[in-house]
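Participant: model this:
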Amino acid sequence: MATTTPAVFPETIEGLRALVFLQQSEVDTRAAENRVLIKTLDEYKAENDRLAEYVRLLKSKRFGPSSERSPVASQPGLFNEAEVLAGEASEDENDIADDEDEIEVPAHARRRGKRSPLPEALPRTEIIHDLAAHEKVCPNDPSHTLVRTGERTCERLVYEPAKIEVERHIRPEYGCPLCKDGIQCAPRVPSPIPKSMATPSLLAQIATSKFVDGMPLARQEKMFARLGIDLPRSTMASWMMRCGELVSPLLESILEEIRNSGYVLADETTFQVLKEEGKTAQSKSYLWALRREDSDHPLLYYAYDPSRSGEVARRLLRGFRGYLQADGYSGYDGFEQMEGVVLVGCFAHARRKFDEAMRGQGKPKKGRQKSDKKRIADQGLAKINALFKIERRYRGVSPEERYRLRQEKLRPKLIALRQWSLEVKDRVPPKGLTGKALTYLDNQWPKLFRVLDDGRLELSTNAVERAIRPFVIGRKGWLFADTPRGATASARLYSLVETAKANGIEPFAYLKQVFTLLAATEEPIDYAELLPWRITLPD
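Facilitator: You can find the predicted model right below:
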């Protein structure tokens, strides 16, 4: 507590000296208090700035566009100020948009619409709209009869509601009229779910509607009711779980193929399961996704697990040797110590951090220059965008050629990005969004730089993220799984439909054939022959 000056002025030198010391002590005490208050004020200001960034980011995610795509070259460049911190970005770096067929309109550029032709395989009914006989005369001379010189055609799609029919199987019984014994009939028709009215086509339709179109079973129940069919959602849920068990050996075959590959992408997302032992209904479980990255025949495998522990990934990839590409989640760090496994980072996640940092800064007020944090976030975003633009230029080449081009084109950009990040890292608060983006880039750099090691490697895990997106979209419709058994069945069926889609196979046709073959199989089957690129689909 600060002291006070005596009311009576001292009359001696010693008294005056004591008063001076007393006042100096008071000044020192006040100065120390001021330093504490200034430090506290600075901390509050930094905390306020940091929270303001998060508020702006949350508002951007809530009300702004969800796409992370950066502005195209026709819009103002990211670096249009004289005080650029680490060099000006070239026009080539800012031009990150793919070339598009555009036409100019007064206010903006608009893509030219192009309607795709209707599939030739669709049946066609021709309707001829001809002129009446009295109209087929020349308007100049009625004595001249018009002759056909050509035709104008247009095609329109006609839709008829789904058709449901009953398949009635009759098995005549035969017996000896004399012995009155030994009744015989043909064997029971194979069914994916014994003693059920469900056919492979019905099961495939329900699974496709839920796992491809995101239609909850409750809505499907109403859809069937409109067709006059009483099919409770509980029955359909039971069927889906039985189908998940039916395809279990096929999924084991898919997982084994993934383990034996040399390049796998991994990701995970939340999955709510209501009736899970030892957990409340509101707690989070997880859906893990693995993708064998193969340009010819990619494979997808999903697995439900109540935990997000890295042990789940290690269990799924037991025996794997090769490149494992994932985001910066620490659960994958355990693979660094596993023999034969090389962990590769994801530039899309690094880019996302800078995108979030830029959104968190908001738009600069009119007449004010961009803040240091804003400019650095812009720079980081543009530099990573430039990497993806370079990659797009040689998309489709062989891994060997891509490896060579990366050493020539991409390596200098990566080295420059690393040097830039080290130079600017200490210029922004580490707890702010820009500081966290730079920290993420710094921590992940050894894994990110490994993209140069092999031409097969992608810059990002976008392929597996795209594969997990249908689940996330579907989850918004059906919200949760009731039991772990149902969650496991969902993961297995998602694996099949997403693998079919990745290989260009129509999911309904694929599931229908898989259910048909598995139902008819009594002897051991080579499940590898049921993979989408090997299975034979009926015409």
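Participant: switch to C-alpha atoms for all contacts and neighbour counts from now on
Facilitator: Fine.
Participant: Select the longest helix from the protein.
Facilitator: helix 13-63 (DSSP state H).
Participant: Which secondary structure elements does it sit against?
Facilitator: In this structure, helix 13-63 packs against helix 347-361, helix 433-449, with contacts taken as 3 or more C-alpha pairs under 8 Å, 6 or more residues apart in numbering; DSSP states H and E.
Participant: If we use 6 Å, what do you get?
Facilitator: helix 347-361 (3 or more C-alpha pairs under 6 Å, 6 or more residues apart in numbering; DSSP states H and E).
Participant: Give me the neighbour count for Ile505.
Facilitator: By other C-alpha atoms under 10 Å, 16 other residues sit near Ile505.
Participant: wait, is it part of a strand?
Facilitator: No: secondary structure of Ile505 (DSSP: H, G, I helix; E, B strand; the rest coil): coil, not part of a strand.
Participant: returning to that earlier point: and the longest helix of the chain, what's its mean pLDDT?
Facilitator: For helix 13-63, mean pLDDT rounds to 76.
Participant: And stretch 510-517, by the same measure?
Facilitator: Stretch 510-517 comes out at a mean pLDDT of 93.
Participant: can I have that stretch written out in PDB, keeping just the CAs?
Facilitator: What follows is stretch 510-517, C-alpha atoms only, in PDB (Å, rounded to 0.1, in the frame of the first residue of the first chain):
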ATOM      1  CA  TYR A 510     -23.600 -53.100 -57.100                       C
ATOM      2  CA  LEU A 511     -25.400 -53.700 -53.800                       C
ATOM      3  CA  LYS A 512     -28.200 -55.700 -55.600                       C
ATOM      4  CA  GLN A 513     -25.700 -58.000 -57.200                       C
ATOM      5  CA  VAL A 514     -23.600 -58.400 -54.000                       C
ATOM      6  CA  PHE A 515     -26.700 -59.300 -52.000                       C
ATOM      7  CA  THR A 516     -27.900 -61.700 -54.700                       C
ATOM      8  CA  LEU A 517     -24.500 -63.500 -54.900                       C
END
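Participant: Distance check, Ile229 against Asn443.
Facilitator: 58 Å (C-alpha to C-alpha, to the nearest Å).
Participant: I misspoke; the intended subject was Asp296.
Facilitator: In this view, Asp296 and Asn443 are 33 Å apart by C-alpha to C-alpha.
Participant: Quick check: which ranges of the stretch 51-200 of the chain have low pLDDT?
Facilitator: 53-54, 56-57, 59-114 (pLDDT under 70).
Participant: isn't there a helix covering Gly328?
Facilitator: No: secondary structure of Gly328 (three-state DSSP): coil, not part of a helix.
Participant: Around it, count how many other residues there are.
Facilitator: 18.
Participant: Where does Val264 sit: helix, strand or coil?
Facilitator: Quick answer, by three-state DSSP: Val264 is strand.
Participant: wait, doesn't it sit right on Pro298?
Facilitator: No: using C-alpha atoms under 6 Å, Val264 is not in contact with Pro298; the gap is 9.9 Å.
Participant: more neighbours, those two?
Facilitator: Using other C-alpha under 10 Å as the criterion, Val264 and Pro298 rank with Val264 on top: 28 against 20.
Participant: Now do the more buried one against Leu537, distance only.
Facilitator: Counting by C-alpha to C-alpha - Val264 and Leu537 are separated by 28 Å.
Participant: try Arg351
Facilitator: 42 Å.
Participant: the more surrounded of the two?
Facilitator: Ranked by neighbour count (other C-alpha under 10 Å), Arg351 and Leu537 place Arg351 first, with 22 against 13.
Participant: who are the neighbours in contact with that one?
Facilitator: The contact partners of Arg351, taken as C-alpha atoms under 6 Å, 6 or more residues apart in numbering, are Leu381.
Participant: and if we set it to 10 Å?
Facilitator: By C-alpha atoms under 10 Å, 6 or more residues apart in numbering, Arg351 lies in contact with 68, 357, 377, 380-385, 437, 441, 460.
Participant: and those, which are buried?
Facilitator: 357, 377, 380-385, 437, 441, 460 (16 or more other C-alpha atoms under 10 Å).
Participant: Save the residues you listed as CSV, and put in distance to Val147 too.
Facilitator: Converted to CSV, the buried ones among the contacts of Arg351 look like this (distance: C-alpha to C-alpha, whole Å):
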residue, distance to Val147
Ala357, 70
Ala377, 70
Gly380, 69
Leu381, 66
Ala382, 64
Lys383, 66
Ile384, 65
Asn385, 61
Ala437, 74
Leu441, 74
Ser460, 63
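Participant: Now do the helices in the stretch 351-500 of the chain.
Facilitator: With helices called from DSSP state H, counting those that start in this stretch, the stretch 351-500 of the chain shows them at 372-393, 399-405, 411-424, 433-449, 462-478, 484-502.
Participant: Endpoint to endpoint, stretch 423-442 covers what distance?
Facilitator: End-to-end for stretch 423-442, by C-alpha to C-alpha: 12 Å.
Participant: Spatially central residue in the chain, please.
Facilitator: In the chain, the C-alpha nearest the mean C-alpha coordinate belongs to Glu465, at 3.0 Å (C-alpha atoms, centre = their mean).
Participant: is it true that it touches Asp267?
Facilitator: Yes: between Glu465 and Asp267 a contact is recorded at 6.9 Å, counting by C-alpha atoms under 10 Å.
Participant: Next, show the common contact partners of the two.
Facilitator: Among the neighbours of Glu465, those also in contact with Asp267 (C-alpha under 10 Å, 6+ apart) are 289-291.
Participant: Looking at those, which one is closest to Leu146?
Facilitator: Leu146 lies nearest to Arg291 out of the shared contacts of Glu465 and Asp267, by C-alpha to C-alpha, at 64.3 Å.
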